[in-house]
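Trainee: sequence and predicted structure below; questions after.
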Amino acid sequence: MTEQTPGTGTAALDYVAIVHNLRLPLVVFSGARVIYRNKAADRLAHWLREHFATELVTVLRNHIDQMGVAREGRDTMTLVRLPEGSHLFIDVSPLEAGGRIVSIRAPGLELKAIAAHYRLSARELQVVEYVIRGHSNRTIAELMTLTTDTVKKHLTRVFDKIGVDSRTQLMSLVS
């Protein structure tokens, strides 16, 4: 839904639709109550529940309370560790009247889209997921019941397909 901008003859942007459809998860709090969550936040909440049996709103409330953001009235950007070595980047910005807008980045949330784009096999994707969680080749081999050499071969193919030279570059791209 767009509106005409008075006196210009051009359509104004529908900011509500833009925010609601952003790929960046956004949650708005009024006190401890969630008053808005965009579609990306819903996807993130589902992903956290499915992979970690963790509730997004609970994580965010606990984080905000621990950081004291409401009292200090300042922006914060922090890293929150999840089970199995995964993590969330949480950015909290105060709004008027004590509200807060929270944006969240979850490395790995968009892995399926990345895997489809670069045509990664299911095993290659699994290796990438473990790399993002910070596991060594040896640990990945144990978790996947493979040899370390097989893990290295999977990583080499992933690097070639994606066009990176190291785990750091891989993590930077997929995070």
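Mentor: Yep, that arrived. Numbers count the residues shown, from 1 in each chain.

Trainee: wait, residue 31 touches residue 98, no?
Mentor: Yes: Residue 31 is within contact range of residue 98, at 6.3 Å (criterion: Cβ atoms under 8 Å). Placement of C-beta: from N, CA and C, glycine included.

Trainee: the bottom helix or strand of this structure by mean pLDDT?
Mentor: helix 69-72 (a mean of 52; mean pLDDT, DSSP states H and E).

Trainee: buried residues, the helix or strand just after it. List them.
Mentor: Note on helix 69-72: by DSSP states H and E, the next helix or strand toward the C-terminus is strand 76-81. Neighbour counts over strand 76-81 (16 or more other Cβ atoms under 10 Å) mark 76, 80 as buried.

Trainee: stretch 54-74 too?
Mentor: In stretch 54-74, counting by 16+ other Cβ under 10 Å, buried: 54, 56-57, 59-61, 63-64, 67, 69-70.

Trainee: residues making contact with it?
Mentor: For stretch 54-74, contacts defined as Cβ atoms under 8 Å, 6 or more residues apart in numbering pick out 27, 29, 31-32, 34, 41, 44-45, 48-49, 76, 78, 80, 82-83, 88, 90, 92, 94, 98, 100, 102, 104.

Trainee: again, only using 6 Å
Mentor: 32, 34, 44-45, 48, 76, 80, 90, 92, 94, 102 (Cβ atoms under 6 Å, 6 or more residues apart in numbering).

Trainee: and the helices in the chain?
Mentor: Remark: helices assigned in the chain by DSSP state H are 15-21, 39-52, 56-67, 69-72, 111-118, 122-132, 137-144, 148-162, 167-174.

Trainee: any idea which of those is most buried?
Mentor: helix 122-132 (a mean of 19; mean count of other Cβ atoms under 10 Å).

Trainee: show me what that one is packed up against.
Mentor: Where contact means 3 or more Cβ pairs under 6 Å, 6 or more residues apart in numbering; DSSP states H and E, helix 122-132 is packed against helix 148-162.

Trainee: pull the residues that contact the helix it packs on.
Mentor: Against helix 148-162 from outside (Cβ under 6 Å, 6+ apart): 118, 123-124, 127-128, 137-138, 140-141.

Trainee: model confidence score at residue 37, please.
Mentor: For residue 37, the pLDDT comes out at 94.

Trainee: that one touches residue 27, doesn't it?
Mentor: Yes: judged on Cβ atoms under 6 Å, residue 37 makes contact with residue 27 at a distance of 5.0 Å.
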